[in-house]
Structure formats: C-alpha cells, structure tokens
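Colleague: Could you look at this predicted model? Sequence included:
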Amino acid sequence: MITFERLCLDSKYYLQSKELYEKSFPKNERGNFEKLLKHPDNSHALVFIEDGAYVGFVILFVVNDLAHIVYLAICD
C-alpha cells in the first residue's frame, strides 16, 4: 500500500528527497529545494511511502483549483 507524508525541512525523508531531486533533474531545471518546501499557501510537497520504504516525492502548486505537478521523482 502506498501512503503519502508531507515533505518539509524537518521531515525524516528530507535528505533522501533532496538527493533524489538533484539526481533526477538537471541543474538548469532545478530551483532552490529548501524554498520549494516552505509551503506557500498554494504549494504542496509529499513523499510516497510503500510498505514503509521511501519511494519518491512530488511537488505541486494549486492554482484556481488546478494542481500543477512541478517535480515528480521516483527511486530506481
């Protein structure tokens, strides 16, 4: 079963997510990871957990009731 947990600066999955972020996206397509996690009113960052194991993350923005996935990364 896959569950979701909020990803924030003090999350136990922060380092895994930052490493996956840097591995998954070229430098010119990455923003400041810490700023992305500060959760303005319209952004959300979640990690995927399957059977207790870290699987990946998603960062999205919600504007006018539409969710825009900005980053999505899954472990190998």
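Modeller: Here it is on my side, so go on.

Colleague: List the buried residues of stretch 35-44.
Modeller: By neighbour count with 16 or more other C-beta atoms under 10 Å, stretch 35-44 contains the buried residues 36-37, 43. From N, CA and C alone the C-beta is placed, and that goes for glycine too.

Colleague: Let's test this: mean pLDDT of that stretch, rounded?
Modeller: For stretch 35-44, the mean pLDDT works out to 83.

Colleague: again, but for stretch 16-24
Modeller: Rounded mean pLDDT across stretch 16-24 is 97.

Colleague: Output it as CSV, restricted to C-alpha atoms.
Modeller: Taking Å, rounded to 0.1, in the frame of the first residue of the first chain, the C-alpha atoms of stretch 16-24 are listed here in CSV:
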residue,chain,number,x,y,z
GLN,A,16,16.6,11.3,0.6
SER,A,17,14.3,13.6,-1.3
LYS,A,18,16.9,16.3,-1.8
GLU,A,19,19.4,13.7,-3.2
LEU,A,20,16.7,12.2,-5.5
TYR,A,21,15.8,15.8,-6.6
GLU,A,22,19.4,16.6,-7.5
LYS,A,23,19.9,13.2,-9.2
SER,A,24,16.6,13.4,-11.2
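
Colleague: Please list the members of the buried residues of stretch 35-44 that lie in strands.
Modeller: Applying DSSP state E to these, the entries found in strands are Ser43.

Colleague: In CSV, list the buried residues of stretch 35-44 along with distance to Asp76.
Modeller: Listed next are the buried residues of stretch 35-44 as CSV, based on distance: C-beta to C-beta, whole Å:
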residue, distance to Asp76
Leu36, 22
Leu37, 23
Ser43, 26
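
Colleague: Closest to Glu50 out of the buried residues of stretch 35-44?
Modeller: Nearest to Glu50 among those, counting by C-beta to C-beta, is Leu37 at 21.4 Å.

Colleague: ok, that closest one - contacts?
Modeller: By C-beta atoms under 8 Å, 6 or more residues apart in numbering, Leu37 lies in contact with 7-9, 14, 45, 59.

Colleague: do the same with His68
Modeller: Going by C-beta under 8 Å, 6+ apart, His68 touches 60-62.
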